[in-house]
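Participant: Compute the structure for the input listed below.
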Amino acid sequence: MDKHYDVIIFGAGPAGLTAGIYLGRARAKTLILDTATVGGQTVLSYSVANYPGVEETSGREISQTMLRQAKSFGCEVRPYARIAEVELAGPEKAVTLENGSRFTFQVAVVATGGIPRKLGLESEEAFVSKGISFCATCDGDFFSDRPIAIIGGGNSALEEAIALSAFASHITIIHEFDHFQAEPWIVEEVRANPKMEFLMEQDIREFEGGGSLERVITKHKRTGEITVTPVDGCFIFIGYVANSSLVEGSVTLNDRGEIVTDEELRTNLPGVFAAGDVRAKRYRQITTAVADGTVAAMAALETLRGLER
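Facilitator: Residues are numbered from 1 along each chain as shown. Here you go, the predicted model:
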């Protein structure tokens, strides 16, 4: 027999958990499903110092606090859910898991976030989990006293470089431009770190090694000079792409695969909202995800009340 909910939230990152907090507190029967662990990309942040009202802490701790709040207001949370099918059209919606469980609901909040952007090289795929990583928090301690490279030049790349300097013996930061796109204080801290070396204006040509990664091959964009950087590991931080495959073909996406919403975070389907990094917007921070979760939840509650009339 199907189990019925008022709202199902897809994604247990900051946007989804915040929506759950608001919906649960309003007594809406709410289920949060995530295909991975609770917290989304936030759990990968070694240090968060700009979350208002919270002194510097880890992304994992922020996520766990949100989870406890959502559960305290009655939300049911299921991580590692293997979703087989989602039906979003029509007034009664449904999701079926691979184990055969089926849940019906009236309103959906899609908060599935983003996944790390890859370079797209064949050799990159060959060395994923064999030296190439997208998560400093997960894999940093595997490279204690060993040389590594970091690819990227934004806030995330440099913040993670600082975190990884507690483990690695030497860090080469490889970036495609001649300047970083990070906040000035992060750039200053990285440049002052004696473990850091910089390769700027570089194209990544190849990853090489035997059973595991041994070197990164780059080419200077202007001079064409080839550089071989010996490393035991490489962390890639070049942004994220929207994780919208769950609703592809159901809701309107832009040319980057992000869900298109109005200012109340409604999609083109009645009763379906989107929040956080999966939707089309300019700024992506924990605070903006939390704001999205709040707006989506309040609009979802308004929709539920309309359905009850």
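Participant: Every contact and neighbour count from this point should use C-alpha atoms.
Facilitator: OK.
Participant: Show me this structure divided up by domain.
Facilitator: By the assignment in automatic domain parsing, the chain contains the domains 3-115+240-308, 118-236.
Participant: First residue to last residue on the shortest one, what's the distance there?
Facilitator: Distances were taken as C-alpha to C-alpha, to the nearest Å; on that basis the terminal residues of domain 118-236 are 7 Å apart.
Participant: mean confidence for it?
Facilitator: Averaged over domain 118-236, pLDDT sits at 94.
Participant: Deepest-packed of the domains of the chain, please.
Facilitator: Among the domains of the chain, the stretch with the highest mean neighbour count (mean count of other C-alpha atoms under 10 Å) is domain 3-115+240-308, at a mean of 20.
Participant: so how far is that domain off the chain centroid?
Facilitator: The chain centre lies 12 Å from the centre of domain 3-115+240-308; the measure is C-alpha atoms, centre = their mean, to the nearest Å.
Participant: Send over stretch 292-301 as CSV, restricted to the C-alpha atoms.
Facilitator: Extracted in CSV, the C-alpha atoms of stretch 292-301 (Å, rounded to 0.1, in the frame of the first residue of the first chain):
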residue,chain,number,x,y,z
ASP,A,292,15.7,29.2,-1.3
GLY,A,293,14.5,26.5,1.0
THR,A,294,12.6,29.0,3.1
VAL,A,295,10.8,30.6,0.1
ALA,A,296,10.0,27.2,-1.5
ALA,A,297,8.6,25.9,1.8
MET,A,298,6.4,28.9,2.3
ALA,A,299,5.1,28.8,-1.3
ALA,A,300,4.5,25.1,-0.9
LEU,A,301,2.5,25.6,2.2
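Participant: ok, residues contacting it?
Facilitator: By C-alpha atoms under 8 Å, 6 or more residues apart in numbering, the list of residues contacting stretch 292-301 from outside reads 14-20, 22-23, 28, 107-109, 264-266, 271, 273-276.
Participant: Just the ones in strands from these, please.
Facilitator: Using DSSP state E, the subset of the contacts of stretch 292-301 located in strands is 107-109, 273-274.
Participant: Farthest-apart pair in those, please.
Facilitator: With C-alpha to C-alpha as the measure, no two of these lie farther apart than Val107 and Ala274, at 11.1 Å.
Participant: coming back round to it: can you list the ones in strands among the contacts of stretch 292-301 in CSV and add distance to Gly74?
Facilitator: As requested, these are exported to CSV (distance: C-alpha to C-alpha, whole Å):
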residue, distance to Gly74
Val107, 17
Ala108, 17
Val109, 17
Phe273, 21
Ala274, 22
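Participant: For Phe73, state which of those residues is nearest.
Facilitator: Val109 (17.3 Å).
Participant: who does the closest one bridge with?
Facilitator: Ile9, Phe273 (DSSP bridges).
Participant: From Leu31, how far off is it?
Facilitator: 10 Å.
Participant: With Arg78 instead?
Facilitator: For Arg78 relative to Leu31 (C-alpha to C-alpha), the value is 8 Å.
Participant: In contact with the spatially most central residue of the chain, which residues?
Facilitator: Compute the mean C-alpha point of the chain, and by C-alpha atoms, centre = their mean the closest residue is Gln41, 3.4 Å away. Going by C-alpha under 8 Å, 6+ apart, Gln41 touches 13, 113-115.
Participant: Below-threshold pLDDT in the stretch 1-150 of the chain: ranges please.
Facilitator: 1, 44, 46 (pLDDT under 70).
Participant: Good, wrapping up.
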